[in-house]
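Participant: no sequence for this one, just the structure:
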């Protein structure tokens, strides 16, 4: 079977997200809510730590596949720049983050948030090595393990696309909407690759379909879970998708994943939303988005928007 994705074109055109023409200097003229800042910080951490997921992936049979490794060489680079775009936006909007409250501006050297990223990775501690070993073991036990990883990747990338689209709809900041639209273009290509790989591998193996369905229903959690505290993951999911419109969006997401072989009727995103709402009811969102709550979570509003 042929991969339904133009990998050659993707690799030849891969580059850092195009931020030319972004009106960074106008950011303080528009509002950035506490909910936006808290969610965007969570998103920044996810994008910046894509390399940690890639490390586990490359410890499995996926590393033997030249197409997957070619894609990942570009994917990690592009995701890094997504994280840096969010880092700069937060800095230009007047926010600093724990632990060192670095002020990120156009003149800041890359990578930004070095102290924060090092602390996050150290905090993962033993769980990082446990997950790494679990990926290696799973890969050693079955050749269909890569099908699970590609399905997992497709779900995560589609979740990112829908999260950014939801934030665009909620935001009153035109610069943030501009940055998010540019990043979504990259995420669509990433999703297309993972979906094509997942479909290819699921179509040719009934065992792969059974294992992938079991793993996604029993083990998958929204991207970022485990990397950051559960409360941060729940906050982002409930703020973005906790209303009726968010439920409709997640049902459409699930319907897209349900088109993969073996995933008919899957409700992964809707189930994740339900669990987050059980832990964090919507009425708590305003309190958790106050400047006091942000500071307690390590997100500091240093300046007020004009």
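Facilitator: That came through fine. Note that this is a predicted model, so its numbers are computed, not measured.

Participant: Could you list the low-confidence segments of the stretch 201-306 of the chain?
Facilitator: Per-residue confidence of the stretch 201-306 of the chain (counting by pLDDT under 70) places the weak regions at 304-306.

Participant: quick one: the strands in it?
Facilitator: Per DSSP state E, counting those that start in this stretch, the stretch 201-306 of the chain carries strands over the ranges 299-301.

Participant: Count the residues that sit near residue 218.
Facilitator: 7 (other Cβ atoms under 10 Å). To be clear about C-beta, it is placed using only N, CA and C from the backbone, and glycine gets the same treatment.

Participant: And the one 3 residues further on, by the same measure?
Facilitator: As a burial measure, residue 221 scores 13 neighbours (other Cβ under 10 Å).

Participant: Surely it and residue 272 touch.
Facilitator: Yes: Residue 221 is within contact range of residue 272, at 6.8 Å (criterion: Cβ atoms under 8 Å).

Participant: and for the two, which residues touch both?
Facilitator: Contact criterion Cβ atoms under 8 Å, 6 or more residues apart in numbering; residues shared by residue 221 and residue 272: none found.

Participant: So which bits of the longest helix belonging to the chain are buried?
Facilitator: For the chain, the longest helix by residue count, based on DSSP state H, is helix 174-203. By neighbour count, with 16 or more other Cβ atoms under 10 Å as the criterion, the buried positions of helix 174-203 are 175-180, 182-184, 186-187, 189-202.

Participant: Please name the residues that touch the nearest residue to residue 117 once chain neighbours are set aside.
Facilitator: Using Cβ to Cβ, 6 or more residues apart in numbering and skipping residues adjacent in sequence, the residue nearest residue 117 is residue 48, 5.9 Å away. For residue 48, the residues meeting the contact criterion (Cβ under 8 Å, 6+ apart) are 79, 80, 83, 84, 87, 111, 113, 117.

Participant: out of those residues, which are inside helices?
Facilitator: Under the assignment DSSP H, the contacts of residue 48 contribute 79, 80, 83, 84, 87, 117 to helices.

Participant: residue contacts, the last one?
Facilitator: Applying Cβ under 8 Å, 6+ apart, we find residue 117 in contact with 48, 49, 111.

Participant: swap in residue 174?
Facilitator: Residue 174 makes contact with 23, 26, 30, according to Cβ under 8 Å, 6+ apart.

Participant: For the last one, which non-adjacent residue is spatially closest?
Facilitator: So that's residue 30. Of all residues apart from its sequence neighbours, residue 173 sits closest to residue 30 (Cβ to Cβ, 6+ apart), at 4.3 Å.

Participant: right, and that neighbour touches residue 27 too?
Facilitator: Yes: checked against Cβ under 8 Å, the pair residue 173 and residue 27 is within contact range at 7.0 Å.

Participant: in this protein, which spans are helices?
Facilitator: Counting by DSSP H, the chain has helices at residues 7-13, 34-48, 50-57, 66-92, 114-124, 126-141, 145-170, 174-203, 206-218, 230-241, 244-257, 268-279, 285-288, 291-296.

Participant: Let me have the ones you listed in a markdown table, adding distance to residue 99 as columns.
Facilitator: Putting the helices of the chain into a markdown table (distance: least, Cβ to Cβ, whole Å) gives the following:
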| stretch | distance to residue 99 |
| --- | --- |
| helix 7-13 | 37 |
| helix 34-48 | 13 |
| helix 50-57 | 19 |
| helix 66-92 | 15 |
| helix 114-124 | 6 |
| helix 126-141 | 19 |
| helix 145-170 | 26 |
| helix 174-203 | 25 |
| helix 206-218 | 35 |
| helix 230-241 | 16 |
| helix 244-257 | 32 |
| helix 268-279 | 26 |
| helix 285-288 | 20 |
| helix 291-296 | 13 |
